[in-house]
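Q: here is a sequence together with a model predicted from it:
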Amino acid sequence: MRRFLAELRQRNVFRVAVIYLVAGWVVMQVVDVMFPALGLQPWTLTLVAGLLIAGFPVALVMAWALELTPQGLRRAPPGGDPDAPQRGPPQNATDAAPAATGADLDARKSIAVLPFADMSSGHDNEYFSDGLTEELLNVLTRVPELRVSSRTSCFAFKGKDADIRTVTERLQVTHVVEGSVRKAGDRIRITAQLIETASDSHLWSDTWDRDLHDIFAIQDEIARNIVDALALTLHPGAEPDATTRDPRAYDTYLKGLSWQHRFGPKGQRYAIEMFQRATKLDGGFAKAWGGLACSHAMLATYYDGGEEALGASDEASLKAVALAPDLAEAHVARAMYLSARERFDEAAREFEEAVRLNPGLFDAWYHYARTALHQGRPRRALELFERATEVNPDDYQVPLIAAPVYRSLGQEDKAAEAEHRGVALAERHLEDYPDNARAYFLATSAMYNLGRQDEAFAWTERAIAIDPDDSSTRYNVACFYAQIGEIDKALDYLENSITSRSWAQNDPELEPLRSHPRFIALMAKLEE
């Protein structure tokens with residue numbers, strides 16, 4: 001009954017009923033006054049009342065079966081669920097207009113998957129709903145005819161009551177997927193709906209009440225329903241990478257993924273713990289092995305993880321590739337280990353295989369570009385950063401890292417353009433994630449160069465306040481002070497923060513420190 005009532009609300013049956021009754025009452029008042037004045041027979045009043053009564057169920061049936069859109073009447077899609085997240089209504093008459101037309105958007109069909117809402121009673125399964133969203137995004141990126149908004153872009157709307165027009169203007173997409181997850185023990189309830197942004201109309205929606213063991217089948221069904229509704233083809237190999245059938249392993253893997261996205265040594269260590277648990281539950285879970293390899297490689301490269309982390313990354317990445325040789329993420333994991341070992345040519349071959357398998361995988365292009373910087377190939381790095389931006393135009397990291405590289409090559413115009421873009425994207429990101437130290441410290445030098453010196457210092461202090469002991473924070477704050485000429489302060493922050501000799505050797509922001517004895521000593525220490 002609850003679902004049926006929700007369906008009535010979604011199809012506007014209640015609204016039509018109220019409007020019809022009010023309009024019918026007005027008609028009867030007019031008839032009661034006008035018909036006698038016109039000399040019509042008394043039975044005509046009864047006839048009008050009878051017609052209004054007979055028309056009432058017809059109006060309700062029409063409201064149930066049809067939907068009025070800017071393109072005319074069309075069949076209403078199935079849907080309606082009490083757990084589905086509700087979008088805010090248009091705020092004014094202008095907002096009620098169609099959000100965009102196909103001519104305004106990319107020539108291909110395009111889609112954004114908004115973060116599925118965690119509707120669990122304790123709201124403590126956010127990692128699970130986020131993971132489901134990310135898995136769906138990964139599947140859709142493998143449909144060549146479909147442009148998919150990045151994870152960063154989609155997750156900017158997490159927890160917000162944004163209407164379709166706002167989403168469309170921000171992401172420039174023709175379609176949006178939204179839904180919810182309710183998890184209780186081994187039972188899950190998932191709702192999902194596909195919306196056409198131009199008409200704000202539902203093309204498809206459904207609800208699943210299943211055991212957790214069925215999560216992979218549900219992911220597959222959602223993806224297939226979406227591509228069917230868009231008249232596209234889910235090519236072989238584009239199904240969800242459900243490389244485990246153990247729901248506990250999958251649940252633990254999603255927890256690890258949540259920590260891995262937070263960057264920093266603390267996040268990577270928690271991620272490693274979760275990925276290790278997942279692989280113990282299912283030794284054949286390739287994506288968990290890949291995640292484990294990437295987090296160990298990050299610790300080894302940027303957080304002084306040492307030989308222990310390198311050895312663990314080597315073992316895990318080999319396992320991931322052996323288990324799933326056609327999984328792009330497995331090759332990224334192997335490439336990150338090889339890069340951490342400074343075996344850059346081998347790493348490049350693994351990255352090339354990853355982007356061949358999945359050209360829409362942002363992490364592959366991003367880390368490939370960083371590897372080129374480690375290798376001392378700035379022009380190649382910029383080419384790869386540009387590809388990363390094509391895949392994810394809303395990522396703030398890429399332009400902010402690329403800007404000083406452009407400047408080191410004498411490309412001042414491109415450097416300034418990247419700084420403007422990067423700062424704007426960082427500001428937008430911080431609206432949604434105000435405690436992200438990375439967004440603060442990456443933007444400081446660019447902000448200073450744009451003439452916003454007071455804000456640059458304030459952002460530097462904010463980054464330090466969030467995580468004063470994080471080596472990434474200290475390293476990037478050192479870069480900022482080096483750029484503005486405060487050499488001693490820069491060197492103070494570099495102490496105990498440099499862990500990657502190849503990165504520091506090729507980082508253009510550290511150029512003012514190259515000849516300083518303290519910097520030379522720090523670099524020599526890394527070679528021991």
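A: Sure, I can see it.
Q: could you count how many residues lie near the residue nearest to residue 284 when sequence neighbours are not counted?
A: Distances taken as Cβ to Cβ, 6 or more residues apart in numbering place residue 323 nearest to residue 284, at 5.9 Å, with adjacent residues excluded. Every C-beta, even on glycine, is put in place using the N, C-alpha and C of the backbone. Neighbourhood size, residue 323 [other Cβ atoms under 10 Å]: 18.
Q: next one: phi and psi at residue 323?
A: Torsion angles at residue 323 (phi, psi; degrees, to the nearest 10) stand at phi -70, psi -40.
Q: just want the most central residue of this protein.
A: Geometric centre of the chain, nearest residue: residue 151, 1.6 Å, by Cα atoms, centre = their mean.
Q: residue 304 against residue 471, yeah?
A: Yes - between residue 304 and residue 471 there is a contact at 7.1 Å, judged by Cβ atoms under 8 Å.
Q: so which of these two has more stuff around it?
A: Neighbours per residue, other Cβ under 10 Å: of residue 304 and residue 471, the larger number sits with residue 471, 19 against 15.
Q: distance of the closest residue to that one other than its chain neighbours relative to residue 225?
A: Among residues not flanking residue 471 along the chain, residue 497 sits closest, at 4.4 Å (Cβ to Cβ, 6+ apart). Using Cβ to Cβ, to the nearest Å, one gets 49 Å for the distance from residue 497 to residue 225.
Q: for residue 462, give me its contacts.
A: Neighbour list for residue 462: 437, 440 [criterion: Cβ atoms under 8 Å, 6 or more residues apart in numbering].
Q: mind redoing it with 10 Å?
A: With contact taken as Cβ atoms under 10 Å, 6 or more residues apart in numbering, residue 462 is in contact with 430, 434, 435, 437, 439, 440, 441, 444.
Q: export those to JSON lines and tack on secondary structure, pLDDT and neighbour count?
A: Shown next, in JSON lines, are the contacts of residue 462 (DSSP: H, G, I helix; E, B strand; the rest coil; pLDDT from 0 to 100; neighbours: other Cβ atoms under 10 Å):
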{"residue": "430", "secondary structure": "helix", "pLDDT": "87", "neighbour count": "17"}
{"residue": "434", "secondary structure": "coil", "pLDDT": "85", "neighbour count": "11"}
{"residue": "435", "secondary structure": "coil", "pLDDT": "83", "neighbour count": "11"}
{"residue": "437", "secondary structure": "helix", "pLDDT": "88", "neighbour count": "22"}
{"residue": "439", "secondary structure": "helix", "pLDDT": "91", "neighbour count": "25"}
{"residue": "440", "secondary structure": "helix", "pLDDT": "92", "neighbour count": "27"}
{"residue": "441", "secondary structure": "helix", "pLDDT": "92", "neighbour count": "28"}
{"residue": "444", "secondary structure": "helix", "pLDDT": "94", "neighbour count": "29"}
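Q: and which of those is nearest residue 420?
A: Closest approach between the contacts of residue 462 and residue 420, by Cβ to Cβ: residue 444, at 14.8 Å.
Q: quick one: the closest one and residue 458 touch, right?
A: Yes - here residue 444 reaches residue 458: they are 9.2 Å apart, a contact under Cβ atoms under 10 Å.
Q: find residues that contact each of those two.
A: Residues touching both residue 444 and residue 458 (Cβ under 10 Å, 6+ apart): residue 452.
Q: quick one on the thing from earlier: on the pLDDT front, check the residue nearest to residue 471 for me.
A: As predicted, residue 497 sits at a pLDDT of 77.
Q: hmm, residue 366 and the residue nearest to the centre of the chain touching each other?
A: No - when contacts are counted by Cβ under 10 Å, residue 151 is not listed as touching residue 366 (11.8 Å).
Q: how far out from the middle of the chain is the host helix or strand of residue 18?
A: In this assignment (DSSP states H and E), residue 18 forms part of helix 13-37. Relative to the mean C-alpha coordinate of its chain, helix 13-37 is positioned 50 Å out (Cα atoms, centre = their mean, to the nearest Å).
Q: same deal with stretch 129-138?
A: 8 Å.
Q: mind listing the shared neighbours of residue 151 and residue 366?
A: Listed contacts common to residue 151 and residue 366 are 392, 395; contacts here mean Cβ under 10 Å, 6+ apart.
Q: hmm, who's touching stretch 32-47?
A: Stretch 32-47 is contacted by residues 28, 31, 48, 49 when judged by Cβ under 10 Å, 6+ apart.
Q: is it true that residue 260 touches residue 268?
A: Yes - using Cβ under 10 Å, residue 260 is in contact with residue 268, at 6.7 Å.
Q: okay, the two: which has more neighbours?
A: residue 268 (24 against 20).
Q: the more buried one: what's its closest spatial neighbour, skipping adjacent residues?
A: residue 295 (4.4 Å).
Q: ok so, going back, neighbour count winner among residue 497 and residue 225?
A: Taking other Cβ under 10 Å, residue 497 and residue 225 do not tie; residue 497 has more neighbours (22 against 18).
Q: surely that one is in contact with residue 464?
A: No - between residue 497 and residue 464 no contact is recorded; they are 11.9 Å apart, counting by Cβ under 10 Å.
Q: what touches both of those two?
A: Common contact partners of residue 497 and residue 464 (Cβ under 10 Å, 6+ apart): 470, 473, 474, 477.
Q: what would the residues you listed look like in a markdown table with neighbour count and pLDDT?
A: Compiled in a markdown table, those are given as follows (neighbours: other Cβ atoms under 10 Å; pLDDT from 0 to 100):
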| residue | neighbour count | pLDDT |
| --- | --- | --- |
| 470 | 23 | 83 |
| 473 | 23 | 88 |
| 474 | 22 | 88 |
| 477 | 27 | 92 |
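Q: what about those residues, which are in helices?
A: Counted as lying in helices by DSSP state H, out of the shared contacts of residue 497 and residue 464, are 473, 474, 477.
Q: about what we covered before: mean confidence for the helix holding residue 18?
A: Averaging pLDDT along helix 13-37 yields 74.
Q: now the angle from the helix or strand following that helix to helix 13-37?
A: The helix or strand immediately downstream of helix 13-37 is helix 43-65, counting by DSSP H and E. Put simply, helix 43-65 runs at 160 degrees to helix 13-37, going by axes from the mean of the first three to the mean of the last three Cα atoms, to 10 degrees.
Q: pLDDT-wise, which helix or strand of the protein ranks last?
A: strand 72-75 (a mean of 44; mean pLDDT, DSSP states H and E).
Q: partners of the next helix or strand after that one in the sheet?
A: Once strand 72-75 ends, the next helix or strand along the chain (criterion: DSSP H and E) is strand 109-113. Applying DSSP bridges, strand 109-113 is found paired with strand 146-148 (parallel), strand 175-184 (parallel).
Q: using CSV, list the CA coordinates for the last one.
A: Listed next in CSV are the C-alpha coordinates belonging to strand 175-184 (Å, rounded to 0.1, in the frame of the first residue of the first chain):
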residue,chain,number,x,y,z
HIS,A,175,20.3,12.2,-18.4
VAL,A,176,20.6,11.7,-14.6
VAL,A,177,20.4,8.6,-12.5
GLU,A,178,19.5,8.9,-8.9
GLY,A,179,18.4,6.4,-6.2
SER,A,180,18.7,5.2,-2.7
VAL,A,181,20.0,2.3,-0.7
ARG,A,182,18.6,0.8,2.5
LYS,A,183,20.8,-1.8,4.1
ALA,A,184,19.9,-3.8,7.2
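Q: let me see the ranges of the helices in the stretch 401-528 of the chain.
A: Counting by DSSP state H, counting those that start in this stretch, the stretch 401-528 of the chain has helices at residues 412-432, 437-449, 453-466, 471-483, 487-494, 501-506, 517-527.
Q: nearest to residue 276, out of those helices?
A: Closest to residue 276 of the helices of the stretch 401-528 of the chain, according to Cβ to Cβ: helix 471-483, at 22.8 Å.
Q: for stretch 161-178, which positions count as buried?
A: Judged by neighbour count (16 or more other Cβ atoms under 10 Å), stretch 161-178 contains these buried residues: 162-168, 170-178.
Q: gap between residue 491 and residue 334?
A: Residue 491 is 36 Å from residue 334, by Cβ to Cβ.
Q: equivalent analysis for residue 267, please.
A: Shown here: residue 267 relative to residue 334, a distance of 22 Å by Cβ to Cβ.
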